[in-house]
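S.K.: Quick check, what structure comes out for this input:
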Amino acid sequence: MDYKNSSIHSILFYCLALLLILPVHGQSEGKMNGSLAATGIYLKNLHADWQPPGREFDLHSMDIREFRFGFSNVSFEHLQGIKKQVSKVKISGPDLSLKQLTIHSIIKSADWVTEEKIKRLKKRESIPKRSIEAIAGAIDLYMVDHNVLPASINDLSVKQYINMEAPPLNDYSWSYSLALPDQIIAQPTQINPVPKTKSIYFDWQSRSFQMDPVQDSLYQVPMVVWDYKFEIQEISHLFSSSIDLELSPDQTGFDIMLNRGQFKISNITFTATPGSELGNQSRIHLPELNLETNGVVLNGNLNSQPIIHKGRGNFRIRNFEIKIPDGLREEPEIQSLLETLGIWNNALKVRLFELDLNLINEFTGDVGFKLHTPFLKVSIKGDFTLRQTGSRPDVILHRTEVKIHPIALGVRKWIRDWEKKNGKMLTRQGATIVLRIEGSIDNPMIQGF
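M.R.: Okay, here's the model as predicted:
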């Protein structure tokens, strides 16, 4: 660490704090000026590793090749009058640079892929199992009254031992049949969201659900040594601003001008690998994340909510990708979703996500949004008005157009099915759906709906 720069940084902090808290009861006029070319912190080849107590299999480490944090081109001016004080500060920063961050962890823990499969299995089976339990109770009552087993579900329904219109039996994604005195069977129907779900068997003699051998094996999976790795190639943050303060006995007013700001991350990667099972590796990769602001002007005082007068901001990510482990890819719900989206390589990808905001003045602005994926494209363009009252501004959309272009056949089919189910026909230009939106962003109005 550069101790000289650190000392200068402390002096700068003290001077700025002094300007902000300087009392207003002085009786004579005064003036103070100051400047500082640069100050900051610099680290190179930082390494740390640790092992938690009582965890012999767990090991963690962190490496940073280079880290910089600092300010530059700092200047300040303070004018003290009899009735008020004025402070002006111009500053470039804080500027942040981080290169080659790696966090690596080896942890022995439960196999979360298997735990997720078990959780999804239980959720899929919750309705049919509750229904079977209700049917089993109805059969007991039927036998007390008739001294014979019912021949079918219809017998129980007609004689009002069960109500097929009440939950959980009114879920028509499952059908039920009796094979007494051996079994009660639940089977997924054609309208089941996951038609490949296996049938469920209830053994009447033992009064228990039969466990599928494959499902049974899920509960026998031992603890796994996980290899977690989080890497960032580079982070950079550049900032330039000016601050004007006006202090008086009645209030403290301020004006802030954010001339330019940029926050950028390059190549974020996170992987989680259970043992040596590379097929069940989870992976998240983001090549680029970028946030920019320009010409942001706001003012106010310490007793009220600040007002933003103008400014522009842009947030963008490119080629964001999530790789799904093979074990989860085989789950019926996930498999069905990926097939609908036209994904065959276990990787969900977002080619572009971009949000652009332009505040023209404190009341009006325009907005743009883009989402590009291999299965869907969405774009939004429109104007908005802004009411900066209270703690939460109210945003009203005007002449906002949303264009949705489905690419994957499964997505097109899903939209058509939605239209049929709801009796609505979405407006189209060719294959692109076009919606026009007005009103508060909390409760927008879609024309035609």
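S.K.: C-alpha from now on. contacts and neighbour counts both.
M.R.: Noted.
S.K.: now the host helix or strand of R68: how far from the chain's centre is it?
M.R.: If you go by DSSP states H and E, R68 is part of strand 59-80. Relative to its chain's centre, strand 59-80 lies at 29 Å (Cα atoms, centre = their mean, to the nearest Å).
S.K.: which other helices and strands contact it?
M.R.: If you count contacts as 3 or more Cα pairs under 8 Å, 6 or more residues apart in numbering; DSSP states H and E, strand 59-80 packs onto strand 30-50, strand 85-109.
S.K.: check contacts around R318.
M.R.: L286, P287, E288, L289, V350, R351, L352, F353 (Cα atoms under 8 Å, 6 or more residues apart in numbering).
S.K.: Recalculate using a threshold of 10 Å.
M.R.: 286-290, 349-354, 371-372 (Cα atoms under 10 Å, 6 or more residues apart in numbering).
S.K.: List the ones among these that fall in strands.
M.R.: Judged by DSSP state E, the subset of the contacts of R318 located in strands is 286-290, 349-354, 371-372.
S.K.: would CSV of those residues with distance to K117 and pLDDT be doable?
M.R.: Shown next, in CSV, are the ones in strands among the contacts of R318 (distance: Cα to Cα, whole Å; pLDDT from 0 to 100):
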residue, distance to K117, pLDDT
L286, 26, 96
P287, 30, 96
E288, 32, 94
L289, 32, 95
N290, 35, 96
K349, 23, 93
V350, 25, 94
R351, 29, 95
L352, 31, 96
F353, 30, 96
E354, 34, 97
L371, 30, 96
H372, 30, 96
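S.K.: In the strand holding R68, which residues are buried?
M.R.: 59-60, 62-64, 66-67, 69-72, 74-78, 80 (16 or more other Cα atoms under 10 Å).
S.K.: ok, now how distant is the closest residue to S336 other than its chain neighbours from L435?
M.R.: Closest residue to S336 apart from its sequence neighbours, by Cα to Cα, 6 or more residues apart in numbering: V194 at 7.0 Å. Taking Cα to Cα, to the nearest Å as the measure, V194 and L435 are separated by 31 Å.
S.K.: So what pairs up with the closest residue in space to I64 that isn't next to it in sequence in the strands?
M.R.: Among residues not flanking I64 along the chain, L101 sits closest, at 4.6 Å (Cα to Cα, 6+ apart). Listed by DSSP bridges, the beta-bridge partners for L101 are I64, I232.
S.K.: Need the pLDDT of L101.
M.R.: Per-residue confidence (pLDDT) for L101: 96.
S.K.: wait, which of the ones in strands among the contacts of R318 is closest to Q447?
M.R.: The closest of the ones in strands among the contacts of R318 to Q447 turns out to be L371 (Cα to Cα; 21.9 Å).
S.K.: For that closest one, which residues are in contact?
M.R.: By Cα under 10 Å, 6+ apart, the contact set of L371 is 317-318, 350-355, 377-380, 404.
S.K.: ok so, going back, the residue nearest to S336: how many residues sit nearby?
M.R.: By other Cα atoms under 10 Å, the residues close to V194 number 19.
S.K.: What distance do you get for it to P332?
M.R.: 6 Å.
S.K.: got any residues that touch both of the two?
M.R.: Joint contacts of V194 and P332 (Cα under 10 Å, 6+ apart) are R124.
S.K.: Give the helix, strand or coil label for the residue nearest to S336.
M.R.: Three-state call for V194 (DSSP: H, G, I helix; E, B strand; the rest coil): coil.
S.K.: For it, grab phi and psi.
M.R.: Per-residue torsions, V194: phi -130, psi 80 (degrees, to the nearest 10).
S.K.: Then P150?
M.R.: phi -70, psi 150.
S.K.: Could you do W418 as well?
M.R.: The phi/psi pair for W418 (degrees, to the nearest 10) is phi -60, psi -40.
S.K.: if you average pLDDT over the strand holding R68, what comes out?
M.R.: 88.
S.K.: how about it as CSV, C-alpha atoms only?
M.R.: Taking C-alpha atoms only, strand 59-80 is exported to CSV below (Å, rounded to 0.1, in the frame of the first residue of the first chain):
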residue,chain,number,x,y,z
LEU,A,59,-11.0,-24.6,1.7
HIS,A,60,-11.4,-21.1,0.4
SER,A,61,-9.0,-18.7,-1.4
MET,A,62,-9.1,-15.3,-3.0
ASP,A,63,-6.6,-13.7,-5.5
ILE,A,64,-6.5,-10.2,-7.0
ARG,A,65,-3.9,-9.3,-9.5
GLU,A,66,-4.4,-5.5,-9.3
PHE,A,67,-6.6,-3.1,-7.4
ARG,A,68,-6.8,0.7,-7.7
PHE,A,69,-9.1,3.1,-6.0
GLY,A,70,-8.7,6.9,-5.9
PHE,A,71,-9.6,10.4,-6.8
SER,A,72,-8.0,13.0,-9.1
ASN,A,73,-8.2,16.6,-10.1
VAL,A,74,-9.8,17.7,-6.8
SER,A,75,-10.4,21.4,-6.2
PHE,A,76,-12.6,23.1,-3.7
GLU,A,77,-13.5,26.7,-2.8
HIS,A,78,-15.3,27.9,0.4
LEU,A,79,-16.7,31.4,0.8
GLN,A,80,-18.0,32.5,4.2
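S.K.: Now do the strands in the stretch 101-250 of the chain.
M.R.: For the stretch 101-250 of the chain, applying DSSP state E, counting those that start in this stretch gives strands covering 174-179, 183-188, 200-203, 208-209, 224-247.
S.K.: hang on, isn't the residue nearest to I64 packed against I265?
M.R.: No - using Cα atoms under 10 Å as the test, L101 is too far from I265 to be in contact (11.4 Å).
S.K.: shared neighbours of these two, anything?
M.R.: Joint contacts of L101 and I265 (Cα under 10 Å, 6+ apart) are I232, Q233, E234, I235.
S.K.: Format those as CSV; extra columns: pLDDT.
M.R.: Below are the shared contacts of L101 and I265 laid out as CSV (pLDDT from 0 to 100):
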residue, pLDDT
I232, 97
Q233, 97
E234, 96
I235, 94
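S.K.: Could I get those in TSV, plus columns for neighbour count?
M.R.: Listed next are the shared contacts of L101 and I265 as TSV, based on neighbours: other Cα atoms under 10 Å:
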residue	neighbour count
I232	21
Q233	17
E234	18
I235	19
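S.K.: what about N319, which helix or strand?
M.R.: Assigned by DSSP H and E, N319 belongs to strand 307-323.
S.K.: mean confidence for that strand?
M.R.: 93.
S.K.: mind showing which ranges of the stretch 201-350 of the chain have poor pLDDT?
M.R.: 245-251 (pLDDT under 70).
S.K.: re the thing from before, nearest to R120, of the helices and strands packed on strand 59-80?
M.R.: The closest of the helices and strands packed on strand 59-80 to R120 is strand 85-109. By Cα to Cα, the value is 19.7 Å.
S.K.: Mind giving me the packing neighbours of that closest one?
M.R.: helix 3-21, strand 30-50, strand 59-80, strand 224-247, strand 252-274 (3 or more Cα pairs under 10 Å, 6 or more residues apart in numbering; DSSP states H and E).
S.K.: Out of those, flag the one nearest P188.
M.R.: strand 252-274 (32.6 Å).
S.K.: Cool, thanks, signing off.
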